[in-house]
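Visitor: I'd like to go over a predicted model; first the sequence, then the structure.
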Amino acid sequence: MNDYQIDEGMEITLHFTLKLEDGTVVDSTKEKAPATFQFGDGNLPPGFENPIKGMSPGQSDTFTITPEHAFGQHNPQNIQTLKRDDFGDETPEVGMVLSFADKAGTELPGVVKRIDGDRVEVDFNHPLAGRTLTFEVEVLDVKPATTH
């Protein structure tokens, strides 16, 4: 068993489970292969990296991540009303997830919230925005990341 700790420049292998306030599992590696990534490479939002810093292989813990440290607060300005014509041949339906390109060409997923005649209300907030999440972690391995 090595005694490396999670920190910058380390490659981490872990199992995680992400749950909503009511215990609904949003994402989990438990039934799949564990996640392996380099600390600080952007795979995990900083709010998820900060609490696991200093953990060692064999350790498990559960953290509560507030919206500010997870996917941000729900922003009413990210809800936009589009015209039905903006959808081309596609017929928008409530709950449908659509991808739109912004002016910079970045793909933005949006969820159709409401349809009122010719107007379609689309929410571009991250689906987990405004949610406090429970982040359960089981650290399997920590080793110095090999740089190629």
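Guide: Looks like it came in fine.

Visitor: how far away is F39 from G105?
Guide: 30 Å (CB to CB, to the nearest Å). From N, CA and C alone the C-beta is placed, and that goes for glycine too.

Visitor: Which of those two has more residues huddled nearby?
Guide: F39 (18 against 6; other CB atoms under 10 Å).

Visitor: and the gap between that one and H69?
Guide: 16 Å.

Visitor: Pull out the buried residues from the lengthiest strand in the chain.
Guide: Longest strand of the chain, by residue count under DSSP state E: strand 133-144. Neighbour-count burial for strand 133-144 flags L133, T134, F135, E136, V137, E138, V139, D141, V142 (criterion: 16 or more other CB atoms under 10 Å).

Visitor: and of those, the nearest to F48?
Guide: Of all these, F48 sits closest to F135, with 5.8 Å by CB to CB.

Visitor: per-residue confidence for the closest one?
Guide: If you check F135, the pLDDT there is 97.

Visitor: Could you find the closest non-adjacent residue to it?
Guide: F63 (4.6 Å; CB to CB, 6 or more residues apart in numbering).
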